[in-house]
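Chemist: can you look at this prediction? I've put the sequence above it.
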Amino acid sequence: MTNGFITENIAAIQQRIRVAETEYNRQQGAVTLMAVSKTRSANEVAVAAEAGIVDIGENYLQEALDKQAQLTDRGLCWHFIGPIQSNKTRAIAEHFDWVHSLDRIKIARRLNEQRPSDLPPLNICLQVNISQEDSKSGFAPQAVLAAAEDIAQLPRLALRGLMAIPQASDDEAQQRRSFAALRELLEEIKHALPAQPLDTLSMGMSGDMAAAIAEGATIVRIGSDIFGPRQ
Ligand SMILES: *Cc1c(COP(=O)(O)O)cnc(C)c1O
């Protein structure tokens with residue numbers, strides 16, 4: 001992809017976000033655009049950064065570490081959003097600012113133990129299998145509150161909110177129902193854990209961004225609308 005293409009896409013998406021914020025009575029600037037750069041080069045990420053993107057989402061550890069090594073001193077905020085194997089937790093704890101795909105308590109304990117003491121607590125979103133699909137990872141909705149209570153005890157993690165990838169649907173009403181369910185789940189957890197900094201709903205991708213903003217997304221995770229379709 002040419003650099004101009006990425007830059008123009010980012011400007012257009014930022015504009016769509018601002019329009020959706022207005023349309024759905026969200027505060028201007030309430031929604032952060034994360035650029036999801038799996039399979040993209042460090043150069044493409046650098047172009048996104050120059051277009052004003054701060055938050056970068058990566059799914060694969062080694063690929064992310066390679067890009068991070070080429071993109072130091074740019075003030076980027078790195079989000080791990082992919083499946084987490086237990087033998088990868090140390091590198092994730094050392095090299096990321098956020099994890100959005102936490103789906104097991106055992107992984108949370110390891111990240112808590114391995115987070116270096118000179119870094120701030122690792123920001124965490126619990127992944128929720130909001131459409132209850134067999135093929136998707138994430139806590140079952142009815143298991144999220146107990147998991148949040150456990151994770152709130154871990155001092156090197158900051159429990160920030162919930163993440164979901166709902167079942168794909170072209171029907172905006174259906175998209176909104178899934179995102180509303182995640183929002184309601186976060187409200188429940190906030191009520192139970194008032195001392196936690198629970199301010200994040202990580203939801204909305206290229207195909208369902210507006211519906212997510214309508215239902216309270218605070219971070220949208222956008223890949224193909226920024227960088228083009230993945231091969
Ligand atoms: C790939 C990916 C995205 C971005 O998806 P697009 O449809 O390309 O916008 C968002 N979130 C997660 C967890 C992903 O793996």
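Modeler: Yep, it's here.
Chemist: what residues are up against the residue nearest to residue 82 when sequence neighbours are not counted?
Modeler: Take residue 82 and drop its neighbours on the chain: the residue closest to it by CB to CB, 6 or more residues apart in numbering is residue 59, 3.1 Å away. No exception for glycine: its C-beta is placed from N, CA and C like everyone else's. Residues in contact with residue 59 (CB atoms under 8 Å, 6 or more residues apart in numbering) are 36, 38, 80-83.
Chemist: which parts of the chain sit against the ligand?
Modeler: 36, 38, 59, 81, 165, 205-207, 221-225 (CB under 6 Å from any ligand atom).
Chemist: count of neighbours near the closest residue to the ligand within the chain?
Modeler: Using CB to the nearest ligand atom, the closest approach of the chain to the ligand is made by residue 223 at 2.7 Å. When counting by other CB atoms under 10 Å, one arrives at 21 neighbours for residue 223.
Chemist: quick one, phi psi at the nearest residue in space to it that is not next to it in sequence?
Modeler: The spatially closest residue to residue 223, leaving aside those adjacent along the chain, is residue 36, at 3.6 Å (CB to CB, 6+ apart). Main-chain dihedrals, residue 36, degrees, to the nearest 10: phi -90, psi 110.
Chemist: spit out the contact partners of the closest residue to residue 26 other than its chain neighbours.
Modeler: The spatially closest residue to residue 26, leaving aside those adjacent along the chain, is residue 213, at 6.4 Å (CB to CB, 6+ apart). Neighbour list for residue 213: 17, 20-21, 24, 26, 31, 204, 220 [criterion: CB under 8 Å, 6+ apart].
Chemist: doesn't residue 6 lie inside a strand?
Modeler: No: secondary structure assignment places residue 6 outside any strand; it is helix (DSSP: H, G, I helix; E, B strand; the rest coil).
Chemist: now do the buried residues in stretch 6-16.
Modeler: Applying a neighbour-count criterion of 16 or more other CB atoms under 10 Å, one finds 6-7, 9-10, 13, 16 buried in stretch 6-16.
Chemist: one more: stretch 187-197?
Modeler: Of the residues in stretch 187-197, those buried by neighbour count under the rule 16+ other CB under 10 Å are 189, 193, 196.
Chemist: nearest to residue 108, of these?
Modeler: The nearest member of the buried residues of stretch 187-197 to residue 108, counting by CB to CB, is residue 196 at 13.5 Å.
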